[in-house]
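# The sequence and its predicted three-dimensional model are supplied below.
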Amino acid sequence: MYQLSTTTMFLYIVIAFVISIWYVIRHWNLLKLIVKCIYAYIRCPGRGLELLGMFQDAFPDIFRVRFSIKTVYVLAKPEYYEKVLSSPLAVDKPEVYTLLDQFLGPNIFTAAENLWRQQRRLLNLSFSQKRIDSHSEIFLEEADNLAKELVTHASQKNLDLEGLMRVCFAQATARALFGVKFKVTVEDSRKMDRIFIETARRGVHLFYVPSILMPPMPKAFNKSLSDAIIASKSIIFERRKQLVRNKTLLQDDKPQTERAQKSHMLDYILECPEFTDERAMSEIILFLIAGNETSSATLMYACLLLAMHPDIQEKLYHDVVSICGLDDPITLEKLPKIDYAERIIKETLRLFPSAPIIGRYTQGDLDIGGRVIPKHSTVYLHIVYTHRDPRFWQEPLTFDPDRFLQENASKIYPFSYIPFSYGSRNCIAKVILTSEVSL
Ligand code: HEM
């Protein structure tokens, strides 16, 4: 039998040792970072974004991670955002998103490019400034209801502020986009949240566990999903009934009511032959999720920041009272004058963007300026990191709404602020948001 002599064995050990030392020295910073992240994760699991931030600190513009056969790029450089988000080769969404299709069916948020273009073209019609303005009364009314609700709960020690806000946004979304008035409870709105959170959690696990080994979704998720499907069916039923009633009114030569026109997003969907009822249902659930979680979280963070900055709160109060009076309701005409409220929302979205990180899947090699991201890569844009990056924002963790004063606009580094994303696949509701949340 072949036997190593002691000298040869010793030589091999020395070579292996030298190679290991060379490897450790060469990748010292990376290894230190990995150990730090594992330690931080063990101490407090669920801090994914914070861990990502640690890697981004080490590689602030871009870094690449390989998960078995998947290659993921994480970017935090404004110039790269512009290149990726305006490229026709990066319109598709990565696997983490498309998981939602398994439960909801195809929808605008996750659809692959061809289907998405058709959907977006149609739904954009209902998000024009004119259409949105026609729903302003709804937003005012729902905001007023929320204010009244808050007054009745004012003396309560434990107020579920978030729950009340969720209800307000869900009802406003249903009325403005679907043309249907329906009573939403806090529990209903939490069910929408559960669908999104559980799907996102599973999506993150997909990085390291093959889908075949994933356990079934929890019972609470399945119950939330089936309740959401029932609710969306009844919304379609109710709106169809209204549309038929309105058509009859028109045939009777009655004056054309505003509701008789195609005035809500759902009307466009119901009248489009390509949209089956199943597709209409998945869009309804998707819009309830997208409209609810993002807006209520923004408003919650704004309230938190105002509570932490009484001086800013006081100034906002004085602005509102001097423009609207103490007891008068806020009207649409008065809203643009309260521009301080809008700046507060913008600054809140800088510090706490509702979509802190977004993803794209490349359909071709993507030149992002000096670097090429190959075809079939997943790209994540680390928006919250850039929003707080001291290279682009002075004292980035300070809450200062005046960064968004008109005279400071030129100081904002291009593409360092993209809470609604950018390009053709940006937030479809962008036009309404800052004013809706300000209200
Ligand atoms: C403060 C509130 C909101 C913020 C910060 C926000 C932000 C965003 C962002 C960053 C995206 C891009 C996501 C990505 O590419 O992964 C997005 C997409 C989207 N948002 Fe919003 N959003 C908000 C509220 C809403 C509301 C109220 C609705 C609807 C009622 C809505 C509907 C959508 C839809 C349908 C998309 C997918 C668009 C597409 O893929 O074509 N969002 N939003």
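All right, it came through fine.

# Would you mind checking which helix or strand in the protein has the lowest mean pLDDT?
Among the helical and strand segments of the chain, the one scoring lowest on mean pLDDT, DSSP states H and E is helix 430-438, with a mean of 69.

# SS state for the residue of the stretch 101-250 of the chain found nearest the ligand?
Here the stretch 101-250 of the chain gets closest to the ligand at one residue, residue 109, 4.4 Å apart by C-beta to the nearest ligand atom. C-beta: built from backbone N, CA, C; applies to glycine. Counting by DSSP: H, G, I helix; E, B strand; the rest coil, the backbone at residue 109 sits in coil.

# wait, what's in contact with it?
Residue 109 makes contacts with 93, 97, 100, 286, 290, as judged by C-beta atoms under 8 Å, 6 or more residues apart in numbering.

# So which of these belong to helices?
97, 100, 286, 290 (DSSP state H).

# and the last one, how many neighbours does it have?
Read it as residue 290. Using other C-beta atoms under 10 Å, residue 290 has 21 other residues around it.

# Equivalent analysis for the third one, please.
Neighbours of residue 286 under the rule other C-beta under 10 Å: 23.

# Local confidence estimate at it?
In this prediction, residue 286 carries a pLDDT score of 93.

# And the second one, by the same measure?
pLDDT, residue 100: 86.

# and it, what does it touch?
Residues counted as contacts of residue 100 (C-beta under 8 Å, 6+ apart) are 107, 109-110, 196, 199, 286.

# Distance to residue 397 added to the residues you listed, as CSV?
Shown next, in CSV, are these (distance: C-beta to C-beta, whole Å):
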residue, distance to residue 397
107, 36
109, 30
110, 33
196, 27
199, 31
286, 33
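
# ok, the residues you listed vs residue 308, which is closest?
When the contacts of residue 100 are compared for distance to residue 308 (C-beta to C-beta), residue 196 wins out at 27.2 Å.

# Could you confirm residue 379 falls within a helix?
No - counting by three-state DSSP, residue 379 is not found in a helix; it is strand.

# what subset of the contacts of residue 109 is also close to the ligand?
residue 290 (C-beta under 6 Å from any ligand atom).

# Specify which member of the contacts of residue 109 is nearest to the ligand.
Looking across the contacts of residue 109 and measuring by C-beta to the nearest ligand atom, the closest to the ligand is residue 290, at 3.7 Å.

# if I look at the residue nearest to the spatial centre of the chain, how far off is the ligand?
Here the mean C-alpha position of the chain is nearest to the C-alpha of residue 355 (C-alpha atoms, centre = their mean), at a distance of 3.4 Å. Going from residue 355 to the ligand by C-beta to the nearest ligand atom, to the nearest Å gives 4 Å.

# With residue 16 instead?
46 Å.

# tell me which element that residue falls in.
Per DSSP states H and E: residue 16 is located in helix 6-26.

# For the stretch 201-350 of the chain, what lies in contact range of the ligand?
Checking the stretch 201-350 of the chain against the ligand by C-beta under 6 Å from any ligand atom, the hits are 287, 290-291, 294-295, 298, 349.

# follow-up on the earlier one: report the contact partners of the residue nearest to the centre of the chain.
Counting by C-beta under 8 Å, 6+ apart, residue 355 makes contact with 294, 383, 419, 421.

# residue contacts, the third one?
Looking back up the chat, that one is residue 419. Residues counted as contacts of residue 419 (C-beta under 8 Å, 6+ apart) are 349-350, 353-355, 383, 387.

# Taking the residues you listed together, which two end up most distant?
Across the contacts of residue 419, no pair lies farther apart than 350 and 355, at 12.9 Å, counting by C-beta to C-beta.

# what residues does stretch 16-30 touch?
Residues from elsewhere that reach stretch 16-30 (C-beta under 8 Å, 6+ apart): 31, 58.

# how far is it from where the chain is centred?
Put simply, stretch 16-30 sits 41 Å off its chain's centre (C-alpha atoms, centre = their mean, to the nearest Å).

# could I have that stretch exported to CSV, CA atoms only?
The C-alpha trace of stretch 16-30 is given here as CSV (Å, rounded to 0.1, in the frame of the first residue of the first chain):
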residue,chain,number,x,y,z
ALA,A,16,-2.4,23.4,3.4
PHE,A,17,-1.7,25.7,6.3
VAL,A,18,0.0,28.4,4.1
ILE,A,19,-2.9,28.3,1.6
SER,A,20,-5.5,28.6,4.5
ILE,A,21,-3.5,31.5,6.0
TRP,A,22,-3.3,33.2,2.6
TYR,A,23,-7.0,32.7,2.0
VAL,A,24,-7.9,34.1,5.4
ILE,A,25,-5.6,37.2,5.0
ARG,A,26,-7.0,37.8,1.5
HIS,A,27,-10.6,37.6,2.6
TRP,A,28,-10.1,38.8,6.1
ASN,A,29,-12.7,41.7,5.9
LEU,A,30,-15.3,39.5,4.3
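
# and residue 181, that one's in a helix?
No - per three-state DSSP, residue 181 lies outside any helix segment and is coil.

# mind checking pLDDT for it?
We note a pLDDT of 86 for residue 181 in this prediction.

# go on, residue 129?
Residue 129 is assigned a predicted lDDT (pLDDT) of 79.

# Contacts only, for it.
residue 431 are the contacts of residue 129 under C-beta under 8 Å, 6+ apart.

# domains for this structure, by residue range?
Domain assignment for the chain by automatic domain parsing gives 1-45, 46-438.

# Tell me which of those sits most buried.
Most buried of the domains of the chain by mean neighbour count (mean count of other C-beta atoms under 10 Å) is domain 46-438; its value is a mean of 17.

# and residue 64, that's in a strand?
Yes - under three-state DSSP, residue 64 sits within a strand.

# What ranges in the chain fall below the confidence cut-off?
Residues of the chain meeting the criterion pLDDT under 70: 1-3, 43-46, 68, 248-262, 433-439.

# any idea where the strands of it begin and end?
Along the chain, counting by DSSP state E, strands occupy 62-67, 70-75, 358-361, 366-367, 372-373, 378-381.

# I'd like those strands laid out as a markdown table, including distance to residue 178.
Listed next are these as a markdown table, based on distance: least, C-beta to C-beta, whole Å:
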| stretch | distance to residue 178 |
| --- | --- |
| strand 62-67 | 39 |
| strand 70-75 | 36 |
| strand 358-361 | 26 |
| strand 366-367 | 37 |
| strand 372-373 | 39 |
| strand 378-381 | 31 |
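
# CSV please, covering these and showing distance to the ligand.
CSV is the format used below for these (distance: least, C-beta to the nearest ligand atom, whole Å):
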stretch, distance to the ligand
strand 62-67, 18
strand 70-75, 13
strand 358-361, 4
strand 366-367, 16
strand 372-373, 16
strand 378-381, 8
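
# From residue 138, how far out is residue 271?
With distances taken as C-beta to C-beta, to the nearest Å, residue 271 is found 21 Å from residue 138.

# Great, nothing more from me.
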